[in-house]
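[1] let's see this in three dimensions:
(2 chains)
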Amino acid sequence: MRIELQNFTKRFGDTTVIEDMSLSVASGEMIALLGPSGCGKSTTLFAISGIHRIDGGTLHFGDRDVTRLPPQDRPVGVVFQNYALYPHMSVADNIGFPLRVQNLKPAEIKRRVGEMAELVQIGNLLARKPQQLSGGQQQRVALARALVRKPDVLLLDEPLANLDAKLRLEMRSEIRRLQRETGITAILVTHDQIEAMSMCDRIALMKDGRIEQISTPGDMYERPASRYVAGFLGNPPISFLRAEAKGQLTIGADNALPLPHGTAARGPITLGVRPEHFGPQHRGPSIAGQVSFIEPQGREDLIDVTLPCDQRLRAIVPAGHDIALGQPVTWQVDLSRVHLFDAEGARL
Amino acid sequence: MTRQTLLGLGFLSPALLAVMMFFLLPVVLTVVFAFTNMSTSTGILGGEYQISESDLRRLPAVGVGEDAVALLAGAGYAVQPETLALFAAEFGEDRAAELDKLHGGAKFDDQRAMERALKELRRNPLRKVRDRKTAADLFRVSILGQRFATRDDFALAITDLGVPERDRLALTEAAYTGWTFTTQNFELLWELPATWRYALNSVIYVVLTLGFNVGFGLFLALSTFYLPSRTAQTFRAIWFLPRILPPVLYVLMWQWLTWDQGFISAMLRPFGIEPINWMRHTATHAWTFIVLINGCVGASLGMILFSSSLRAIPETQLFAAQVDGANRWQQVRHVLLPQMRWPILFITSYQTLSLLTSFEYILLATDGGPGRQTEVWALAAYHTALSNYGGNLEYGLGAAYALALVIIGILLSALYLRFFKFSELVAKPRIEQ
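    Reported below is the predicted structural model:
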């Protein structure tokens, strides 16, 4: 089911949280709304589910205008951050609740609850109460409850935020598996770039109630539309250097790089270098500095290099090197992979 | 005993003292009073010893012999050396001597006969009627109507009178005017049809008011739950007013609303409806208003408690219910109400207890009327012991009424505490011992 959100505006009292936002999600696609807290991603999700009213704009599921429909009448399933399971009901009753309020026959409810429980692999827990379940199991119950109505759209509001690291990894692939198996159109709200990149077909990166960039994870990582996007994606994060684009790219007084192809001389710019594109193992023009920090990670080490102009670059260096703190180094930059942004932060 | 234990007791002691003084002591006194025949006529301190004319008839029933009764009843006045000596001291030796000559050893049944005898004095006559009355009193030997402060005085008096030894004990007990220990209060409660009526009234009162309190409290909590918070707060504040108002003022407003020249009557008059006292016209009217008056006070407590427990339910559960397709009623029925089981049970049990013993609003509104049709048990206890039309306040009987309530209350509380697993509800102190 295609989702088409056009010119969406949401106000809480006098505060406009989201203004004139448009988003379209293809049928069967899983898209992430990624952004820091307060950027309006959950608000967008709640507006699509119908829990929040839409103050301006339209929302279509396929060809159907659902802008004014109450949540009860929208073909959506929602998984909430704290799962919002009904504590007084058993797992089976929780999953069956959407069917029960439709006054289906108990036998029919039982059959479909059973099917759904098998799908999310909790068939043996049906008699338990939510507080007797682990976080991951509660998550599965919430997923089953969201899917049991066979909705056209699955909305996930920070579904992994309350899980520990190991479970998060497990549930990441589990949710993606379910989404692929059911072929449902899904929107995932998250502040975690790794979740967004690993689970979704596309990412809509949001900032202050606007979509900053919408693209596939790979494209967004390789070609960030702005300094903000480049800074948001990637772990460890990208390093930014103040530079001057004249005949060449000068960084402070002591370092200079050739201008990348197609870049005009234009004065002050920001140079973004990802840690995996700087280090002794690369080829290309070099930058000199002093090792100021070493953070061993096992397979590789994170090494900070402070330039003479007191700016800092981070490098990922494979383990097994003999670099010491305070050592002066001259390391190469993979110039074809660096990002240039103008003073406003837009990509050059 | 460690210092900490002592310190703990020290902090507790004001509360313990208060509990002793304002709870245990009244309960103990109620138990004691319930087993006495204490009333206005017996007083609450000791009593005196007195046999009156009207007592004579019941004496044989309590085991006083016929001849002893005849002794008490007969021969009220006697001219004998003791009485003559008294007379001589008051009215002179010569008169005493003359009377002795005329009537020495004579006995007179009543005061008039005695006065007639005194009239016969010639040498120095007692002319004034008042003097003769005073003088006649001096010859009085009967103890009828006389008060004796102590048991010994009375014993001496009946011994003098010649009451046989075997009758003295029964007679002394019958003559006692103070209170005694007895179980007759409970026998009376059991036998009186009115008692059963009061019990039934209490049941009607508690059941109806409780139903109204819980039902209406729930309705208010749920309806304000779905309102915008500012509106909801205003609404709740308005419903809280009856609880804040002084009861007398609050009931006075109901009186003004319902009396035959009050608001309801005035409003209905243009429609040709005769003005009546809407609160006291019939028992049904009275019960309706008693439930409303108490209910509007009680419902606000339920409303506050239910509202706060509603707000403790995470908002996302309601969101989830909405996207699960549940309409308002289904949300209330399947999501909200099941999670309010404990507050509802708590309000029910708490208000059962408080309604059983509360009567102040009934007292102010109908005072048990019309007739005794809204007289509940607690009000009956109050009327019997403390505010009684006849003026004879029967403390003992009233205490027996109250004792029944105390016992029911203690039983119910014990049941509730068990039922609610009170020990689990109370959190352990966070401070390390």
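
[2] now the one helix or strand residue B:337 maps to: buried residues?
    Assessed by DSSP states H and E, residue B:337 sits inside helix B:337-339. Across helix B:337-339, burial judged by 16 or more other Cβ atoms under 10 Å in any protein chain shown covers residue B:339. C-beta: built from backbone N, CA, C; applies to glycine.

[3] hmm, that helix touching chain A?
    Yes - using Cβ under 8 Å from any Cβ of the partner chain, we find that helix B:337-339 touches chain A at B:338-339.

[4] what does chain A have sitting close to chain B?
    Within chain A, the positions adjacent to chain B are A:46, A:49-51, A:70-72, A:74, A:76-78, A:80-82, A:84-89, A:97-98, A:100-102, A:145-146, A:149 by Cβ under 8 Å from any Cβ.

[5] that older thread, ok, residues contacting the helix holding residue B:337?
    Here helix B:337-339 makes contact (Cβ atoms under 8 Å, 6 or more residues apart in numbering or on different chains) with A:87-89, B:309, B:313.

[6] now it: average pLDDT?
    The average pLDDT for helix B:337-339 rounds to 89.

[7] which element follows it toward the C-terminus?
    Later in the chain than helix B:337-339, the nearest helix or strand by DSSP H and E is helix B:341-357.

[8] buried stuff in the next helix or strand after that next one?
    Using DSSP H and E, the helix or strand that directly follows helix B:341-357 along the chain is helix B:360-365. By neighbour count on 16+ other Cβ under 10 Å, the buried set for helix B:360-365 is B:361-365.

[9] closest one to residue A:168 out of the contacts of helix B:337-339, please.
    Closest approach to residue A:168 among the contacts of helix B:337-339 (Cβ to Cβ): residue A:87, at 23.3 Å.

[10] what segments of the stretch 101-250 of chain A are helices?
    A:106-119, A:135-147, A:165-182, A:193-199, A:217-222, A:227-232 (DSSP state H, counting those that start in this stretch).

[11] what helices or strands is the third one leaning on?
    This means helix A:165-182. Helices and strands touching helix A:165-182, by 3 or more Cβ pairs under 8 Å, 6 or more residues apart in numbering or on different chains; DSSP states H and E, are helix A:135-147, strand A:153-157, helix A:193-199.

[12] and the contacts of helix B:337-339, which two are furthest apart?
    Spanning the widest gap among the contacts of helix B:337-339 are A:89 and B:309, at 17.6 Å by Cβ to Cβ.

[13] quick one on the thing from earlier: looking at the helices and strands packed on helix A:165-182, which is nearest to residue A:264?
    Residue A:264 sits nearest to helix A:193-199 of all the helices and strands packed on helix A:165-182, at 31.5 Å, using Cβ to Cβ.

[14] and that closest one, what does it pack onto?
    So helix A:193-199, by 3+ Cβ pairs under 8 Å, 6+ apart, packs with strand A:30-34, helix A:165-182, strand A:185-190, helix A:217-222.

[15] considering those, which stretch scores lowest in mean pLDDT?
    Among the helices and strands packed on helix A:193-199, helix A:165-182 carries the lowest mean pLDDT (a mean of 88).

[16] restricted to helices, list the residues of chain A next to chain B.
    Among the residues of chain A next to chain B, the ones falling in helices (DSSP state H) are A:46, A:49, A:97-98, A:100, A:145-146.

[17] what's around the nearest residue to residue A:36 once chain neighbours are set aside, how many residues?
    Counting by Cβ to Cβ, 6 or more residues apart in numbering or on different chains, residue A:36 lies nearest to residue A:191, which is 6.0 Å off, once chain neighbours are set aside. Residue A:191 has 18 neighbouring residues, counting by other Cβ atoms under 10 Å in any protein chain shown.

[18] surely residue A:191 and residue A:34 touch.
    Yes - contact criterion Cβ atoms under 8 Å: residue A:191 and residue A:34 qualify, at 7.1 Å.

[19] okay, and the common contacts of the two?
    Jointly contacting residue A:191 and residue A:34 under the rule Cβ under 8 Å, 6+ apart are residue A:41.

[20] name the nearest residue to residue A:158, ignoring sequence neighbours.
    residue A:81 is the one closest to residue A:158 (Cβ to Cβ, 6+ apart), at 4.1 Å.

[21] list the buried ones in stretch A:194-207?
    A:194-197, A:199-207.

[22] now those residues in a markdown table, with pLDDT?
    Shown next, in a markdown table, are the buried residues of stretch A:194-207 (pLDDT from 0 to 100):
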| residue | pLDDT |
| --- | --- |
| A:194 | 90 |
| A:195 | 90 |
| A:196 | 91 |
| A:197 | 91 |
| A:199 | 91 |
| A:200 | 93 |
| A:201 | 93 |
| A:202 | 94 |
| A:203 | 94 |
| A:204 | 93 |
| A:205 | 93 |
| A:206 | 92 |
| A:207 | 90 |
